[in-house]
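In: Here is a sequence together with a model predicted from it:
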Number of protein chains: 2
Amino acid sequence: MTETAPLPPAGLRGRARVMILSLDPQVDGGRFAAKHIVGEPVVVSADLLVDGHDVLAGVVRYAPPQTDGTYAWKEVPLAPQTPGTDRWKASFTPDQVGLWQFTIEAWVDEFATWQWGIDRKLQAQQNVDVDVLEGVNLILQAARRAPPADSAWLEATAAALKAASSQAEQRQLAADPVLAQHMRRHADRATSTTHEPALGLWVDPVKARFSSWYELFPRSTGAKGQHGSFADVIAHLPYVAEMGFDVLYLPPIHPIGLSFRKGPNNTLQAGEHDPGSPWAIGAPEGGHKHIHPQLGTLDDFAILVKSAKNLSIDVALDIAFQASPDHPYVKEHPEWFVRRADGSIQYAENPPKKYQDVYPFALAGPSWQPLWQELLDVFLVWIDRGVRIFRVDNPHTKPLPFWQWCIAEIKGRHPDVLFLAEAFTRPKLMYALAKLGFSQSYTYFTWRTSADDLRGYMQELIRPEVARFFRPNFWPNTPDILPEHLQFGGRGTFMARLILAGTLSANYGLYGPAYELMESVARPGSEEYIDNEKFQLRSWDLNNPNSLRPLMKRLNTIRRENAALQRNDTLVFHPCDNNMLLAYSKTEVDGNNVIFVVVNVDGQHKQAGWIELNLAALGIDPTQTIQVHDLLSDERFHWQGNRAYVELDPASMPAHIFKLRRHIRSEKTFEYYL
Amino acid sequence: MTETAPLPPAGLRGRARVMILSLDPQVDGGRFAAKHIVGEPVVVSADLLVDGHDVLAGVVRYAPPQTDGTYAWKEVPLAPQTPGTDRWKASFTPDQVGLWQFTIEAWVDEFATWQWGIDRKLQAQQNVDVDVLEGVNLILQAARRAPPADSAWLEATAAALKAASSQAEQRQLAADPVLAQHMRRHADRATSTTHEPALGLWVDPVKARFSSWYELFPRSTGAKGQHGSFADVIAHLPYVAEMGFDVLYLPPIHPIGLSFRKGPNNTLQAGEHDPGSPWAIGAPEGGHKHIHPQLGTLDDFAILVKSAKNLSIDVALDIAFQASPDHPYVKEHPEWFVRRADGSIQYAENPPKKYQDVYPFALAGPSWQPLWQELLDVFLVWIDRGVRIFRVDNPHTKPLPFWQWCIAEIKGRHPDVLFLAEAFTRPKLMYALAKLGFSQSYTYFTWRTSADDLRGYMQELIRPEVARFFRPNFWPNTPDILPEHLQFGGRGTFMARLILAGTLSANYGLYGPAYELMESVARPGSEEYIDNEKFQLRSWDLNNPNSLRPLMKRLNTIRRENAALQRNDTLVFHPCDNNMLLAYSKTEVDGNNVIFVVVNVDGQHKQAGWIELNLAALGIDPTQTIQVHDLLSDERFHWQGNRAYVELDPASMPAHIFKLRRHIRSEKTFEYYL
């Protein structure tokens, strides 16, 4: 012998035989918290592995957000998911928003293993006297762990088992389900394994999953030629509410800089009365915590928030972390900006382009700590003023560690606050922002136009690996983006894109009134609106009879009345022989509320085709007759079998949103629709 | 204000803007070490994410197994993997076996970002005077970090840049590749991000990837009717070596218990001269560290190991952690076994089946620490006696934490040792054992017979997520398993299964001489050999003219001469219109050494069909003529295009193993075959 084997350290917990792998839901091996919605059951699962064939038992342990620095752990028993797969699961329903914790504890169930063994031996009529004694010991050990009431019962049962005089009696006592229940309750967990660390689960309000956003520029809500104010926005609220939107998103409402102010159509020279871009934040009147004087006062803002709330609308603010050269920060905290070699402050640039009206913050500069503190305070100030939803401008141009810290700090204090990431950048960076805490994200939907592209993109987004952390919010347009198909596609395309956004994605939004009034003129060669409200006031004819306002109202009503459209995870696509028709269905998790949508993605020409229905996904028997109710047109007809013919003319309506009702014969022998 | 924002803690490293995600290769989020082979480059990759459009730089940091408790870190620069994907990679080649470490460090490359910006501005003929000053500052900062020689050069360059009098001169100096090289070398890493923790990489000897196992019972190598000894095994070595095997695996070689000794064909009563099962380990002569007296002495064993080594054969020992009732441990350490309620020691059972000749160890019992120590010592003792490969019997019936600890302790001392897990159990448990450290694993190949099943199984095993930790070893038979298709499939099936095992999997093995002599009689209704050597001596007619010995020799020669067959990761299947033909190819990583195999999986009937060649996978131009050389028959012919006709008659040979040679016209204008 040239060496001696070492003694394993006691800290190894060598007696803990169960290994817990692939705990789910997790994001990047537990590095980030998965996301969830309050009031919905979350299924926790894991592989439980053990040597041999002993019976396992385990629990999901979970805790609501900590109070006073401690967690109040609860547990729910695990059950095998599919026999033979070593996968176990249990679910719990978070009843409050915030950062929950969960893990799994599992152990060898010695009593169940004993029950299994003695039963097999008794079936083979083997002598089980020793086994009985061992069972008695297990029960007496449990009695010592149990509180007095259970303890007495267990002791009595142990005595009865010991005294059992026949195999029949032994068998009956060993298999007693009440005994099994007691033994489970007082199981020996001294050698259990707990998955470490526990994983986080961000539980958000329902609005994180289902929301309908309407963006407008307050500046354009005034009388013609007049700068709009919060009072005008308040007067405008019934218009928004009547269409059924539940988030009113406002571009930045702060004082606007004068230095290098941009004129209409992004020209470099602003005229005396040009209002400038709301994203050039900061003027002598104040910065990110203040209100542009022409919009009103903090009191006016408070009335707006309250008036909106009365109409079930949340006001969402745009948070754009950048400053105009006139921002008070520039004088008070020049160290929060990048100073160039000539002593000047660095303005935004994307060489050779210069954006001299905007100074970026030096978020990773030497003074990052007080700067981060101040920017966090910007959020907290508006939260204090009643705002619960923020649309964050270009978060991908600010350091990722800042968002991770800032959002965690905010949600730790205000777990009901939501953040929409306005990042149109590379996929992994968009995903990273969502992992770091953003509740919802802008997407590539704006440029996905063909049926193939839309199908592929949605299939990517609803993969559980992605959906655990990334919640898409589909926008057919934004003040920055008038995509080519809306410039030239006409009314049919506007309708189709609206319906696609609102039925493919449970979260969607649009920039109005440009959308309902089908504003389609861009600065030539660009995807930028001409005469953009970013740089000037606009006057919109809200009562234009061509407005898509009635369709928006109809769509939002359908979304509100049909839970299937309030989630993405049940989305299934159905093949169609005409690639201009996109057919898909959504249901509730339990399979109810079957919504079947067909959209003619060619918004300009009539398209017809045969759809091959995935009846299994729809929960429909091939022999059933289905009542098909178009919630857009209110027409009803019937389908049977797995093929359906559809014809859609964008001149009238480029889509069907069908509600499918199964024809069912009840036990009372008359027919009704579910 | 009802609250104040907190200052972020300095420990946050808020200035470290780069985020590193999905570091690869990793197993279960870094919880287990990925596996690798010495001398082969390992590609390390990760997503590097940063805000904005700054240029990134980074390195893979890696360290060989620690010596004296410290790591000697080296690094290699990262390069983008595919533009626009945020994925970066670099590779290094471990030059020794053992547990390596790797991680990634990445940072914003301020100088490269500056270069990009000034170039764009110069292209647009903008004034860059301030940019030049900033570049000068960056260079002077690097000079302060650099050693004197580089420092002087950098200072001179900074001065030259500062003095540049024209845009042309500024541009030339800014773009100087030598300057860029210096700046990369002395990059500012103060705000870099390093992925934590570093990940482990188990670097194994080549034999972990490519090995040919031959299992035999030493007891049957003697003269007819005589118990074989190590001397007989030594005499047998040339037979094994001539067939081309490089691992000789012996069932347990320890003293065999007498109590409850099993007789021939697993009967409960052994006769006086019955040798018993080698897996009933332990007798008065000793236990797991001792040798069964009829086999010889420790010296004999040493000669066997040395003689085998001289023939390039490793002797692999079977480690079966269980004891006969006569094992010295039973008396010396009764606490290492489970004591029943009646004071007896628990024998192995799978109720209602009893295995009274075997006591399991109480590996998760109260005395687990000294027991683990002793069992680790068993390995160390045999390692000390020259053994480097262990086949572990039923590891899935011993606690997983034991293997994790035991294998880590052994490999920490002897990183060249390999472990083959003999676990035929549920997939996730087999995978878990591999994750915990087993170098190779038995598989379901033994029962996968149809072309579809074989294709599906291999595709599962070669997925990178699996191949990172699980190395299959394909066995067409074992002493425990004579599968039904070998019982009734005849010679053609024996040949086909041999070739499948040895060409689908780079590691394979078989139990001989039962295999080459096509022993096919089972105990009726079972997959167990009749008159199994586990319970009795057998005499084999090694010179039987029907023996598959020549085919084994041919196959092992082909495997040795063709690197493509020494790995699994390049395996590609090719469709065939006859589902009894399985067609697949393997190449070296660089695409060379193209081996194309077709096996008639119906070992009993002639099968013919058209194969659709995946020419891209073969690296073949559709217009090329391919020389096809059957390495089994030595016949040569030609293919052109992507369809090939194949006809295989198991009566002669159920397979082709083609070497494909591309017909290439070299620059010297004459033709040759690669």
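Out: Noted; the coordinates are in hand.
In: Which single residue in chain A comes nearest to chain B?
Out: Residue of chain A nearest chain B, by Cβ to the nearest Cβ: A:Gly29 (2.2 Å). C-betas here are computed from N, CA, C, even on glycine.
In: Quick check, that residue in contact with B:Asp28.
Out: Yes. Contact criterion Cβ atoms under 8 Å: A:Gly29 and B:Asp28 qualify, at 7.1 Å.
In: Let me see the contact set for the spatially closest residue to A:Lys162 that is not a sequence neighbour.
Out: Leaving aside its chain neighbours, A:Lys162 sits nearest to A:Val136 (4.8 Å; criterion: Cβ to Cβ, 6 or more residues apart in numbering or on different chains). Applying Cβ atoms under 8 Å, 6 or more residues apart in numbering or on different chains to A:Val136 gives the contacts A:158, A:161-162, B:341.
In: how deep is the residue of chain A closest to chain B tucked in, by neighbour count?
Out: 15 (other Cβ atoms under 10 Å in any protein chain shown).
In: what's near enough to touch it?
Out: A:Gly29 is in contact with B:28-31, counting by Cβ under 8 Å, 6+ apart.
In: run the last query once more with 7 Å
Out: By Cβ atoms under 7 Å, 6 or more residues apart in numbering or on different chains, the contact set of A:Gly29 is B:29-30.
In: For it, give me phi and psi.
Out: phi 60, psi 30 (degrees, to the nearest 10).
In: For it, give me the pLDDT.
Out: We have a pLDDT of 92 for A:Gly29.
In: how much space between it and A:Ala655?
Out: 41 Å (Cβ to Cβ, to the nearest Å).
In: A helix includes A:Ser539, no?
Out: No. Counting by DSSP: H, G, I helix; E, B strand; the rest coil, A:Ser539 falls outside a helix, being coil.
In: Buried residues of stretch A:201-208, list them for me.
Out: By 16 or more other Cβ atoms under 10 Å in any protein chain shown, the buried positions in stretch A:201-208 come out as A:201-205, A:207-208.
In: Now do it, average pLDDT.
Out: 98.
In: now stretch A:87-94
Out: The average pLDDT within stretch A:87-94 is 98.
In: So is that stretch next to chain B?
Out: No. For stretch A:87-94, no contact with chain B is found by Cβ under 7 Å from any Cβ of the partner chain; the gap never falls below 8.0 Å.
In: could the contacts of A:Val136 be laid out in CSV, adding pLDDT and distance to A:Ser212?
Out: Formatted as CSV, the contacts of A:Val136 follow (pLDDT from 0 to 100; distance: Cβ to Cβ, whole Å):
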residue, pLDDT, distance to A:Ser212
A:Ala158, 97, 63
A:Leu161, 97, 63
A:Lys162, 96, 68
B:Ala341, 95, 68
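In: Now tabulate the residues you listed in CSV and tack on distance to B:Gly437 and neighbour count.
Out: Output for those, formatted as CSV (distance: Cβ to Cβ, whole Å; neighbours: other Cβ atoms under 10 Å in any protein chain shown):
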residue, distance to B:Gly437, neighbour count
A:Ala158, 42, 21
A:Leu161, 43, 20
A:Lys162, 44, 16
B:Ala341, 36, 14
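In: And the closest residue to A:Leu122 other than its chain neighbours, how far from A:Gln126?
Out: Counting by Cβ to Cβ, 6+ apart, A:Leu122 lies nearest to A:Arg171, which is 4.9 Å off, once chain neighbours are set aside. Distance of A:Arg171 to A:Gln126, computed by Cβ to Cβ: 12 Å.
In: And for stretch A:586-599, what's in contact with it?
Out: With contacts defined as Cβ under 7 Å, 6+ apart, stretch A:586-599 is touched by A:496, A:499-500, A:503, A:562-565, A:570-571, A:581-585, A:611, A:618-619, A:646, A:648, A:654-660.
In: Only whichever of the residues you listed are buried, select them in PyMOL.
Out: To isolate the buried members of these in PyMOL, using 16+ other Cβ under 10 Å:
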select buried, chain A and resi 496+499+500+503+562+563+564+565+570+571+581+582+583+584+585+611+618+619+646+648+654+655+656+657+658+659+660
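In: before we move on, the earlier item: from the contacts of A:Val136, pick the one nearest A:His288.
Out: Within these, proximity to A:His288 (Cβ to Cβ) peaks at A:Ala158, which comes in at 70.5 Å.
In: Now do the same contact list for that closest one.
Out: For A:Ala158, the contacting residues are A:136, A:139-140, A:143, by Cβ under 7 Å, 6+ apart.
In: Name the next helix or strand downstream of the strand or helix carrying it, please.
Out: A:Ala158 belongs to helix A:148-163 when assigned by DSSP states H and E. As assigned by DSSP H and E, the chain's next helix or strand after helix A:148-163 is helix A:167-174.
In: Identify each buried residue in that next one, please.
Out: Under the neighbour-count criterion of 16+ other Cβ under 10 Å, helix A:167-174 has A:170-171, A:173-174 buried.
In: now the angle from that helix to helix A:148-163?
Out: 160 degrees (axes from the mean of the first three to the mean of the last three Cα atoms, to 10 degrees).
In: elements contacting helix A:167-174?
Out: Helix A:167-174 sits against helix A:110-123, with contacts defined as 3 or more Cβ pairs under 7 Å, 6 or more residues apart in numbering or on different chains; DSSP states H and E.
In: Now do the helix it packs on, average pLDDT.
Out: The pLDDT scores in helix A:110-123 average 96.
In: Now do it: distance to the chain's middle.
Out: When distances are taken as Cα atoms, centre = their mean, to the nearest Å, helix A:110-123 is centred 47 Å away from the chain's centroid.
In: Give me the buried positions along that helix.
Out: Within helix A:110-123, the residues that qualify as buried by neighbour count (16+ other Cβ under 10 Å) are A:110-115, A:117-122.
In: any chance of those in TSV, plus distance to A:Pro399?
Out: Output for the buried residues of helix A:110-123, formatted as TSV (distance: Cβ to Cβ, whole Å):
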residue	distance to A:Pro399
A:Glu110	53
A:Phe111	54
A:Ala112	52
A:Thr113	54
A:Trp114	58
A:Gln115	58
A:Gly117	60
A:Ile118	63
A:Asp119	62
A:Arg120	62
A:Lys121	66
A:Leu122	67
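In: who touches the spatially most central residue of chain A in this structure?
Out: What sits nearest the mean C-alpha location of chain A, by Cα atoms, centre = their mean, is A:Arg471, with 3.9 Å. Shown in contact with A:Arg471 (Cβ under 7 Å, 6+ apart): A:35, A:208-209, A:439-441, A:507.
In: Could you rerun that using 10 Å?
Out: With contact set as Cβ atoms under 10 Å, 6 or more residues apart in numbering or on different chains, A:Arg471 has these partners: A:35, A:37, A:204, A:208-211, A:418, A:420-421, A:434, A:438-441, A:443, A:461, A:505-507, A:568.
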